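Asker: Got a predicted structure plus its sequence, pasted below:
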Amino acid sequence: MKTPPDDSRHQLLGISPNSNRHFIVPLILIAFIAAGGNHTGGAVALSDTRTKTDIVPVGAATNGQPLYQYRYIGSEIVFEGVMAQDVLQHSPEAVITLPEGIMMVDYGMLGLRLRVVG
């Protein structure tokens, strides 16, 4: 999966490419807080490629969705999960679009879990 150019991702997130300030981590926390109240019992997480870096394809889930390992911009933690852009093609009902256009995925609707792998 192609990672968007840094300038456009930083602009979308409202931070300077040269800034030491990283605002994506608070967005991740908001996503996990939202997960506690969703109707499917699964996590709702930021899954937009524009919020991620170091994206590496690692296979496919049992439901056929491509799986990736990645870091969120500004974080050193490696996750394994899906990309909203992929999910939108196969299960659009599992994608939530925030007002800014950033997409989240309801992992419970996919029968999947977002995993921390490193």
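Answerer: That came through, no problem. Numbering: from 1, shown residues only.
Asker: strand partners of the longest strand anywhere in the chain, parallel vs antiparallel please.
Answerer: Longest strand in the chain, counting residues (DSSP state E): strand 52-60. Its sheet considered, strand 52-60 pairs with strand 66-72 (antiparallel) by DSSP bridges.
Asker: Any idea how many residues pack against Gly72?
Answerer: Not Gly; residue 72 is Tyr. By the criterion of other Cβ atoms under 10 Å, Tyr72 has 21 neighbours. The C-beta positions use only the backbone N, C-alpha and C, and glycine is treated the same way.
Asker: That one and Asp54 touch, don't they?
Answerer: No: here Tyr72 lies out of contact with Asp54, judged by Cβ atoms under 8 Å, at a distance of 9.8 Å.
Asker: all strands for the protein, in order.
Answerer: Assigned by DSSP E, the strands in the chain fall at 44-46, 52-60, 66-72, 78-81, 95-97, 103-106, 115-116.
Asker: avg pLDDT for the fourth one?
Answerer: Mean pLDDT, taken over the full extent of strand 78-81, equals 94.
Asker: what do you get for the last one?
Answerer: Mean pLDDT, taken over the full extent of strand 115-116, equals 91.
Asker: Neighbouring strands of it in the sheet, and parallel or not?
Answerer: Strand 115-116 pairs in its sheet with strand 78-81 (antiparallel), by DSSP bridges.
Asker: Reformat the strands of the chain as CSV; add distance to Val87.
Answerer: As requested, those are exported to CSV (distance: least, Cβ to Cβ, whole Å):
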stretch, distance to Val87
strand 44-46, 11
strand 52-60, 13
strand 66-72, 9
strand 78-81, 10
strand 95-97, 6
strand 103-106, 5
strand 115-116, 16
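Asker: which stretch in those strands has the least confidence?
Answerer: Mean pLDDT values for these show the minimum at strand 44-46, a mean of 87.
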